[in-house]
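Engineer: Below is the sequence, then the predicted model.
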Amino acid sequence: MIPTLLAIYTLTFLLMRLTPGSPWDTNERNLTPAVISALNAKYGLDRPLYQQYWDYLVAAITRFDLGPSYKLVGRDVTDIIRDFFPVSLQLGLLAMGLALTVGITLGIISALNQNKLADYLAMFFAIVGVSVPTFVIGPLLVILFAVHLRWLPTGGWSRPEHMILPVIVLALEPTALIARYTRSSMLEVIRQDYIRTARAKGLPELLVIVRHALRNALIPVVTVGGVLLAVVVTGSFFVETIFGVPGIGRYFVTSIGNRDYPVIMGTTLLLATVVTLMNLVVDLGYGFLDPRIRYE
């Protein structure tokens, strides 16, 4: 994790500095050279690049200081993350919980009814979920359920009804992927000899599926599920924009256009940490699901 995060920090730092322009080019007022020089001195942008690189890295590691925002006067990046990342995290966890519940259920039903109507319907849903992007399905659901039917609000995050549409939209793609992986893995597992032996011993079908087949079938699902959780938590920019969710995503997007270096760096490191942590959790989950991996 440490070399990965260090590499991401280095690449992000270099790419920001190699991008033409400066943070002050996007200012609506025409700043004089004297003002620009004073701003560069205030934020340390007049120092050599290697010193800027080292100073930010040391401050982030030793004091968890991610610097001040250039555009949001009086706000530190740490404050922005503390105020808005929990909303993105809540949205991502709710969406992933829905995706796991529905996706695994659909995958099991599809595998147990291979080449039947239930299988075709489940896989049709999976194809639609993967094929239709969130910035298409999101506005369609808003028009249907919020504008025409008026069952749900168009946006916000203050009440439970505000969460329904964003969670559903964000969960569609991971649900479809998890359903496909579960189906494929279940089809392979239920054809194994130990499953036929369990059935021959007269065990109830529900016990055979839940206790013997599903646990082994979930190993590939855990792999893709961990990555999907990281992607859902860190990649909800479109959903947050469409539904007006006050998450960290909109700050990340606007900071790129504004060349707000500390916000770009802080949010990138945060999202990279989430992804690497989820990869670690996935590795640990293998040992829980399959004792043979833990013993080896």
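Structural biologist: Received the coordinates, thanks. Numbers count the residues shown, from 1 in each chain.
Engineer: Could you tell me which residues make contact with residue 111?
Structural biologist: For residue 111, the contacting residues are 119, 182, 183, 186, 187, 190, by Cβ atoms under 8 Å, 6 or more residues apart in numbering. Every C-beta, even on glycine, is put in place using the N, C-alpha and C of the backbone.
Engineer: redo that, cut-off 6 Å
Structural biologist: Shown in contact with residue 111 (Cβ atoms under 6 Å, 6 or more residues apart in numbering): 183, 186, 187.
Engineer: Show me the helices in the protein, by range?
Structural biologist: For the chain, the helices defined by DSSP state H cover 2-18, 33-43, 49-63, 77-112, 117-131, 134-141, 160-189, 193-200, 205-207, 214-234, 237-243, 249-258, 261-289, 291-295.
Engineer: Pull out the buried positions in the second one.
Structural biologist: When neighbours are counted by 16 or more other Cβ atoms under 10 Å, the buried residues of helix 33-43 are found to be 36, 39, 43.
Engineer: Would you agree the first one is in contact with residue 25?
Structural biologist: So that's residue 36. No. Using Cβ atoms under 6 Å, residue 36 makes no contact with residue 25, being 9.4 Å away.
Engineer: Give me the below-cutoff pLDDT ranges for the stretch 1-150 of the chain.
Structural biologist: Residue ranges of the stretch 1-150 of the chain with pLDDT under 70: 26-29.
Engineer: cutoff 80 now
Structural biologist: 21-22, 24-32, 72-74 (pLDDT under 80).
Engineer: and the gap between residue 155 and residue 142?
Structural biologist: Distance, residue 155 to residue 142, by Cβ to Cβ, to the nearest Å: 8 Å.
Engineer: ok, now residue 193?
Structural biologist: 51 Å.
Engineer: ok, now residue 16?
Structural biologist: Going from residue 16 to residue 142 by Cβ to Cβ gives 34 Å.
Engineer: hang on, the earlier thing: for residue 193 and residue 142, work out which one has more neighbours and name it.
Structural biologist: The neighbour comparison of residue 193 against residue 142 (other Cβ atoms under 10 Å) goes to residue 142, with 19 against 7.
Engineer: Dihedrals phi and psi, the nearest residue to the more buried one once chain neighbours are set aside?
Structural biologist: Computed as Cβ to Cβ, 6 or more residues apart in numbering, the closest residue to residue 142 that is not its neighbour in sequence is residue 154, at 5.6 Å. Main-chain dihedrals, residue 154, degrees, to the nearest 10: phi -80, psi -20.
Engineer: Is residue 154 in contact with residue 146, as I believe?
Structural biologist: Yes. Look at residue 154 against residue 146 with Cβ under 6 Å: they come within range, at 4.4 Å.
Engineer: per-residue confidence for the nearest residue to residue 103 once chain neighbours are set aside?
Structural biologist: Counting by Cβ to Cβ, 6+ apart, residue 103 lies nearest to residue 178, which is 3.0 Å off, once chain neighbours are set aside. The model reports residue 178 with a pLDDT of 91.
Engineer: re earlier: narrow the contacts of residue 111 to just the buried residues.
Structural biologist: For those, buried by 16+ other Cβ under 10 Å: 183, 186.
Engineer: Contact partners for residue 226?
Structural biologist: Taking Cβ under 6 Å, 6+ apart, we find residue 226 in contact with 278, 281, 282.
Engineer: Any of the residues you listed buried? List them.
Structural biologist: So, by 16+ other Cβ under 10 Å, the buried ones in the contacts of residue 226 are 278, 282.
Engineer: Just send the contacts of residue 226 back as TSV, with distance to residue 64 and pLDDT too.
Structural biologist: Output for the contacts of residue 226, formatted as TSV (distance: Cβ to Cβ, whole Å; pLDDT from 0 to 100):
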residue	distance to residue 64	pLDDT
278	21	82
281	22	81
282	26	78
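Engineer: can you tell me which of the contacts of residue 226 lies nearest to residue 221?
Structural biologist: Ranked by distance to residue 221 (Cβ to Cβ), the contacts of residue 226 are led by residue 282 at 10.5 Å.
Engineer: From residue 173, how far out is that closest one?
Structural biologist: As judged by Cβ to Cβ, residue 282 and residue 173 stand 19 Å apart.
Engineer: One more: residue 72?
Structural biologist: Going from residue 72 to residue 173 by Cβ to Cβ gives 31 Å.
Engineer: I'd like to know how many residues surround the residue nearest to residue 103.
Structural biologist: By the measure other Cβ under 10 Å, the count of residues near residue 178 is 28.
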